[in-house]
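>>> coords please:
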Amino acid sequence: MHGNAPDLIARFLIGGAVVIVFSIIGDIFKPKSLGGIFAAAPTIALASISLTAHQHGTTYVSFEARSMIAGALAFFVYACAVSFILMRYRPRSLVAAGALSPIWFAVAFTLWAVWLRK
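Predicted coordinates for the structure are as follows:
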């Protein structure tokens, strides 16, 4: 198990509070589908990174932040590929997302091997 109970409770409470705040912000902006971008993963990452900084220090957090950036870049490439395929060939969304998921893993692994594995 990762961390002790107080850390998990703190992550849960901080993450939940931040998700609520960002959901409200997302609800203010148009289109409404934009709200999901502000709600989940980034807010949990912020809660985790603040607790990790307190527990492990800034050097460790800087490496974790680079890992998050690499994951975000890999997801961006994957999302662009899925969007292109969906607009060009109009397959079912689940089929396109599943079939192209190796792109996400390949980009993430490449970034890890080149940038993060130092």
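>>> Pull out the buried positions in stretch 93-109.
Neighbour-count burial for stretch 93-109 flags Ala96, Ala97, Leu100, Ile103, Trp104, Val107, Ala108 (criterion: 16 or more other C-beta atoms under 10 Å). Where C-beta positions appear, they are placed from N, C-alpha and C, glycine not excepted.
>>> Assign a three-state SS to the first one, would you?
In the three-state summary, Ala96 is assigned as helix, counting by DSSP: H, G, I helix; E, B strand; the rest coil.
>>> Distance-wise, check it relative to Ile20.
As for Ala96, its distance to Ile20 is 32 Å (criterion: C-beta to C-beta, to the nearest Å).
>>> Check the fifth one too.
Relative to Ile20, Trp104 is positioned 28 Å away (criterion: C-beta to C-beta).
>>> Domain ranges for this protein, per the record?
Using automatic domain parsing, the domain parsing of the chain gives 1-56, 58-118.
>>> any weak-confidence spans in this protein?
Within the chain, the stretches with pLDDT under 70 are 1-3, 8, 11, 15, 19, 22-23, 26, 29-43, 118.
>>> how does it look with 50?
For the chain, the stretches flagged by pLDDT under 50 are 1.
>>> just the helices in it please.
Secondary structure of the chain by DSSP state H: the helices cover 5-28, 35-39, 41-56, 58-89, 93-99, 101-111.
>>> Many thanks, we can stop here.
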